[in-house]
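Q: Build me a model:
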Amino acid sequence: MTASGSGSARILIVEDSRVQALLLSRILEEAGHTPATANNGQEALEQIASEPPQLVISDINMPIMDGYTMCRTLKNDAQLSHIPVILLSDLSNMEEIVFGLESRADNYILKPYDSDDLLQKVSQLLQSEQTASIEPGEPLPVTIEGKSFNIRSDRPQILRFLLSIYASALKKNRELHKTQATLKQVNENLESAVDVSQSANQKLAISENNYRILVQTVPDIIYQLDTQGCFTFVNYAVEKLGFTPDELIGQHFKTILSDDCFEKVSYDCAVRPLIESDQLPNIPPKLFDERRGRDRKTMDLEIDLVNHESGETMSGLLEQYDAPLVTGEVNSAGITAPEGQGHYLGTVGVIRDITRRKEVEARLAESNRKLNTMLERVERANRKVIDSIQYAKRIQQAILPHSERFFRNLPDSFLLWLPRDIVSGDLYFTEFHSDWAILAVLDCTGHGVPGAFMTMIANASLKQIIVDEREHDPAKILYRLNRLVKEALRQDTGETTSDDGLDASICFIDKANHQLIHAGARLGLFHLRNGKAIQIKGDRMSIGYRRSDIHFEFNHHVISLNEHDAFYMATDGLADQAGGDKGFPFGHRRFIKLLEQNHRVPISEQGTLINDALHHYQGKNERRDDITVIGFQVS
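A: Purely as a prediction, here's the structure:
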């Protein structure tokens, strides 16, 4: 984009939005101009007085002094009135047009503005800048909606102003006709899609059945309750307690809990009396039959499970517990009706056996209390797939790290998790400690439901390696993960025809030694220092596939941390996304350039800029894959 015929000019941008000011500056810089910025009208007048620009582009609604007042003050100054002013507005009513004429603005640009239209009007005003300024004429009285105004702009200026608005209105009208044509085409496409719906429903049923099979093979107990607290589903893992799923269906959940535990975690016993007496606690209690969802769901609730000794397991496939009480950890969430109704429908939850973990913690506490750090069990509630793949989405989201905990431990960071379908084959994993932190990004085979199957296996394996086995070296984590995935899918033998796996990037942040250690399986790490970004590539070896070498030892890279260092982890979905005029991939080079261009923007805001850039580049192209990007700085 160039400012044809206008040459380079100093242009003052008056805008209280930092992002909008940055975008405007970039458009003008690419056109060869020299932009300057001010946050409000008062600051703009001070800059104009000290160093007059050749043109002013101003927003209207700003703190301290708005755009109308700034323009009117400028035009009333005999020495500065020749400076042309463009106002940015959505022109939502007639008063805005009259206010613009009263302030003697030279032109209007409607929001959202087009870059080429903006540069054309800038060029026109700069070309006419050298003409002598015309003194305002006699006031022109105007009455709009019962209100009187006196417009002092000269007649040619009024005519140019109104013609510009009319041209913008014509353009919007053409866009409206184009939108109507698009809606007509969409309606025709929807009608033709009816013929394909039966096939889609069959595929959905197959996906749901596959997910049911996966849920039944998970070693954790997965359950669903109705509004009365009775089981409507429980998987085969409950047989380790001596119960069968069939005998628990229709039974109240207190059947599997000790009496003391039930009174503490039941809504009817722990919450309802408080509501009736209007004595709600500041911190809501954690519940087995949780009514709430999203960020307010119950996490890490410890319970005592009853071992039903008389129960029979499925042909001895599951080992039954021998202790009378088993310690479990519950993550649960309420199921509510679709948006607009909101009433409680039931509860879904996951119970993990933590008996052995509690025993280990007790022994560690006896030997050294300083080493008795409570293991962070960050697993979201997995929910049973019954009638819709939406349940699969809820289960997958339940295993992802809690966003509040993520940003509390890494305040200078952003997180983009963009599934291509309802559920994702991408996974991100975190484990935080006072002296260290582990971040992992994984790209599993495929996307949608098949990829989601793999994320369940990968997440469970990572927890076993990092939390249970306490392995923190990224290279050793990848080595162990490769073995666990191959064994879980039986791809270390010739007994299966499947060939699934994943790529991964893992960072260990050593706060005590000011180091970051990275290892990658085909996925790398982007390091930004002093405005220059480099790519640290991962090893050319994937995880878990039949062709993956089970004895392969991954390399790690040690980076000494400097102040303001920024790091970025991304799955291949970002680089592989097609877009642009020729449909080429987004690519790593474009991503590195984007990081370097925005290195001065706070990292917490960079996620929005990356997402916007990707969306703009993608255009009308379909999303090829799931996309995950994590950016962070270590303070």
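
Q: Can you list the strands that the longest strand along the chain pairs with?
A: Longest strand in the chain, counting residues (DSSP state E): strand 325-336. Under the criterion DSSP bridges, strand 325-336 sits next to strand 298-306 (antiparallel), strand 344-353 (antiparallel) in its sheet.

Q: Endpoints of stretch 252-270, how far apart?
A: Between the opening and closing residues of stretch 252-270 there is a gap of 16 Å (CA to CA, to the nearest Å).

Q: what comes into contact with that stretch?
A: By CB atoms under 8 Å, 6 or more residues apart in numbering, the list of residues contacting stretch 252-270 from outside reads 223, 225, 228-231, 238, 241, 243, 248, 285-291, 301, 303-306, 308, 325, 330. Where C-beta positions appear, they are placed from N, C-alpha and C, glycine not excepted.

Q: What's the local residue count around residue 67?
A: Using other CB atoms under 10 Å, residue 67 is surrounded by 28 other residues.

Q: How about the backbone phi and psi for residue 546?
A: Backbone dihedrals for residue 546, given as degrees, to the nearest 10, come out at phi -60, psi -30.

Q: low pLDDT regions in the stretch 101-250 of the chain?
A: Counting by pLDDT under 70, the stretch 101-250 of the chain contains low-confidence ranges at 129-169, 172, 194-195.

Q: Residue nearest the middle of the chain, spatially speaking?
A: The central residue of the chain, meaning the one whose C-alpha is nearest the mean C-alpha position (CA atoms, centre = their mean), is residue 416 at 3.8 Å.

Q: before we move on, the earlier item: any idea of the mean pLDDT for the longest strand of the chain?
A: The average pLDDT for strand 325-336 rounds to 86.

Q: And stretch 365-382, by the same measure?
A: Per-residue pLDDT over stretch 365-382 has a mean of 66.

Q: And stretch 627-635, by the same measure?
A: 93.

Q: mind checking how far it is from the chain centre?
A: The chain centroid and the centroid of stretch 627-635 are separated by 11 Å under CA atoms, centre = their mean, to the nearest Å.

Q: Ok, stretch 114-133 next?
A: Going by CA atoms, centre = their mean, where stretch 114-133 is centred and where its chain is centred differ by 40 Å.

Q: picking that back up, remind me which helix or strand the residue nearest to the centre of the chain belongs to.
A: If you go by DSSP states H and E, residue 416 is part of strand 413-418.

Q: Likewise for residue 373?
A: Using DSSP H and E, residue 373 is not contained in any helix or strand.

Q: For the helix or strand encompassing residue 264, buried residues please.
A: If you go by DSSP H and E, residue 264 is part of helix 259-265. Under the neighbour-count criterion of 16 or more other CB atoms under 10 Å, helix 259-265 has 261-262, 264-265 buried.

Q: That helix - what's its average pLDDT?
A: For helix 259-265, the mean confidence score works out to 86.

Q: what's the answer for stretch 18-38, then?
A: Over the span of stretch 18-38, the pLDDT mean works out to 93.

Q: Show me which parts of that stretch are buried, residue by residue.
A: With burial defined by 16+ other CB under 10 Å, the residues of stretch 18-38 counted as buried are 21-25, 27-28, 31, 33, 35-38.

Q: same deal with stretch 532-542?
A: Of the residues in stretch 532-542, those buried by neighbour count under the rule 16+ other CB under 10 Å are 533, 538-539, 541-542.
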